[in-house]
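>>> sequence? don't have it. structure:
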Ligand code: SF4
């Protein structure tokens, strides 16, 4: 199957990209593995005519908006995202109507329709930078992740209106789990994704105790920190798929997931067989209607340019 995938990729001028949460076999056949921002940048710069997007639906939509001339294939159209589903377009329109002068900042985990109604799009790595770039006197509507919103609000030290959405994987991570693992591995470093429910308590604890070994990082920054840290034991609070890349880059280290069951069933729907099938059939394709894509593009471009 892998040989066939390589042949088809070459024959069709195709590229395979995979999110850090994909299953190891899929990460291993990808030309590029990264987080949402990295994958968006890759989509914008690649010369390939076909992109097999091993991730979830909103990511493939973002790639299609950035390069409408390319064929964006999502090997399983059912690969969705509970966080992106936590707000729909009518709810956003209603929220905007109640706050007509507010600036809308949407996390990248949203549908194309939601992005089209937003002023800015952001990822976990630049959400703080984007909020800080907005005039202090402006009201902000931040959506859909309440834990990332709370993190940004605290770090930026300004009040923002936060939508009460969550990702079912990150929302299940508790501070208790971190506390127990730290007792077991006292010399460890803790890397926490700001989408995690354990974030506020961990932040309170780390600030109160001046604990410099607890870090709040985007997925890509977690990988950089995990591999560059002098500590052998690294506690990882995000989807467990990320540990595959960490282990490849730093095989001598001990990566400890805060919860071994923290896996995203949507991310795991993509398999090597489905990638092969997508390349053979050049389907299923994800396309965003041009009028929605045109409106969403500006918010996505701001996300990429702020970096
Ligand atoms: S881990 Fe959560 S935020 Fe990421 S794709 Fe899965 S449901 Fe969505």
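Arrived safely. A quick note: this is a predicted structure, and the numbers were derived from the prediction, not measured.
>>> what does the chain put close to the ligand?
Proximity of the chain to the ligand (Cβ under 6 Å from any ligand atom) is limited to residues 21, 56, 81-83, 109, 167-169, 239, 264, 266-267. C-beta: built from backbone N, CA, C; applies to glycine.
>>> Just the buried ones among those, please.
Buried by 16 or more other Cβ atoms under 10 Å: 21, 56, 81-83, 109, 167, 169, 239, 264, 266-267, out of those.
>>> In helices only, show me the residues you listed.
residue 169 (DSSP state H).
>>> Dump the buried ones among the residues of the chain next to the ligand to CSV, plus pLDDT.
Listed next are these as CSV, based on pLDDT from 0 to 100:
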residue, pLDDT
21, 97
56, 97
81, 97
82, 96
83, 96
109, 95
167, 95
169, 95
239, 96
264, 97
266, 98
267, 98
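>>> Now flag whichever of the buried ones among the residues of the chain next to the ligand is closest to residue 194.
Set against residue 194, the nearest of these by Cβ to Cβ is residue 167 (11.1 Å).
>>> quick one: the closest one from residue 154, how far?
Distance of residue 167 to residue 154, computed by Cβ to Cβ, to the nearest Å: 19 Å.
>>> Ok, residue 85 next?
Per Cβ to Cβ, residue 85 is found 26 Å from residue 154.
>>> in the helix of greatest length in the chain, what's buried?
Secondary structure of the chain read by DSSP H shows that its longest helix is helix 290-306. Buried positions in helix 290-306, judged by neighbour count with 16+ other Cβ under 10 Å: 292-293, 295-297, 299-304, 306.
>>> Run through the neighbouring helices and strands of that helix.
helix 36-45, helix 57-66, helix 112-116, strand 120-122, helix 127-133 (3 or more Cβ pairs under 8 Å, 6 or more residues apart in numbering; DSSP states H and E).
>>> Just give me how far it sits from the chain centre.
17 Å (Cα atoms, centre = their mean, to the nearest Å).
>>> Tell me which residue is most central in the protein.
residue 36 (4.6 Å; Cα atoms, centre = their mean).
>>> Go ahead and confirm that one touches residue 19.
Yes. Residue 36 lies in contact with residue 19 (Cβ atoms under 8 Å); the separation is 7.4 Å.
>>> Can you work out which residues contact both of these two?
55, 59 (Cβ atoms under 8 Å, 6 or more residues apart in numbering).
>>> pLDDT below threshold where in the stretch 151-300 of the chain?
In the predicted model, the stretch 151-300 of the chain carries no residue with pLDDT under 70.
>>> Helices of that one, residue ranges please.
Applying DSSP state H, counting those that start in this stretch to the stretch 151-300 of the chain gives helices spanning 168-171, 175-184, 199-208, 219-228, 242-249, 272-281, 290-306.
>>> so which of the ones you listed is the most packed in?
Of all the helices of the stretch 151-300 of the chain, helix 168-171 has the most neighbours on average by mean count of other Cβ atoms under 10 Å, namely a mean of 20.
>>> so how far is it off the chain centroid?
On the basis of Cα atoms, centre = their mean, helix 168-171 sits 13 Å off its chain's mean C-alpha point.
>>> next one: stretch 153-169
16 Å.
>>> and if you look at stretch 218-228?
Put simply, stretch 218-228 sits 14 Å off its chain's centre (Cα atoms, centre = their mean).
>>> Residues in contact with that stretch: which ones?
Against stretch 218-228 from outside (Cβ under 8 Å, 6+ apart): 20-21, 34-35, 37-38, 123-125, 189, 191, 193-194, 215, 217, 234, 236, 238, 242, 245-246, 249-250, 253, 255.
>>> hmm, which of the residues you listed are the buried ones?
Buried among the contacts of stretch 218-228 by 16+ other Cβ under 10 Å: 20-21, 34-35, 37-38, 123-125, 189, 191, 193-194, 215, 217, 234, 236, 238, 242, 245-246, 250, 253, 255.
>>> Apart from its chain neighbours, what residue comes closest to residue 117?
The shortest distance from residue 117 to any non-neighbouring residue, by Cβ to Cβ, 6 or more residues apart in numbering, is to residue 92 (5.4 Å).
>>> so that neighbour touches residue 116, yeah?
No. Residue 92 is not in contact with residue 116 according to Cβ under 8 Å; the separation is 9.9 Å.
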